[in-house]
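Asks: structure for this input, please:
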Amino acid sequence: MDRFEFQLAMLQKGAEELEKKIANFNTILLQLKTAAITIWVALIGWVFTSKIDALVPLGYVIIFGFWFLEATYWKVQFYYIQRADAVTQFLNNESALDESFNTRSIPEGLVHPLGFLKTLKMPSLGRAICAPSIYIFYTFLFVVNSIVWLITLKTAL
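Replies: The predicted structure is shown next:
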């Protein structure tokens, strides 16, 4: 096996690793949403059964804590998605692929082990917090928590 064949094998291995990492992060993100809703519902259930309305604002701590945590994991997943996109763009770019086969070399950063590509940056936390897959879920929880708090305030008066 020459150097180029080795690089091709490592490119394939790297692409497979990227897909596994992205899938693992999908699982983690789903588990975070499940944990957030479970803990939040348990808190709201506790508020209504114990009649301690002052605990409702604790729901915001749960919501914002999980929102931040999920955004942090999403940032890392998004970096891996960008890496997979870079590999896909290279494989779909006929001229780059021809050049690679002619020179018998694959561009730096595309073969496994997957080092950081200098052209890709980790997205900001603000971008992650505002990602629709995160933003919609936690905004919904925020609104529902606010409604529950208003209901508890109104019944307390």
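Asks: all helices for this structure, in order.
Replies: If you assign secondary structure with DSSP state H, the helices in the chain sit at 3-50, 58-92, 94-103, 125-129, 132-156.
Asks: which strands and helices sit next to the longest one?
Replies: When you say that, I think you mean helix 3-50. Packing partners of helix 3-50 (3 or more CB pairs under 8 Å, 6 or more residues apart in numbering; DSSP states H and E): helix 58-92, helix 132-156. Using the backbone N, CA and C atoms, a C-beta is placed for each residue, glycine as well.
Asks: what's in contact with the last one?
Replies: To tie it back to what came earlier, the one meant is helix 132-156. 29, 33, 36-37, 40, 44, 47, 53, 56-57, 59-60, 63-64, 66-67, 70-71, 74, 128-129 (CB atoms under 8 Å, 6 or more residues apart in numbering).
Asks: quick check: PyMOL command selecting the buried ones in those residues.
Replies: One line in PyMOL is enough to select the buried members of the contacts of helix 132-156, burial here meaning 16 or more other CB atoms under 10 Å:
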select buried, resi 29+33+36+37+40+44+47+53+56+59+63+66+67+70+71+74+128+129
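Asks: which other helices and strands does the worst-scoring helix or strand of the chain on mean pLDDT contact?
Replies: Least confident helix or strand, the chain: helix 94-103 with a mean of 85, by mean pLDDT, DSSP states H and E. Using 3+ CB pairs under 8 Å, 6+ apart, the elements in contact with helix 94-103 are helix 58-92.
Asks: Val148: neighbouring residues, count only.
Replies: Look at Val148: counted by other CB atoms under 10 Å, it has 18 neighbours.
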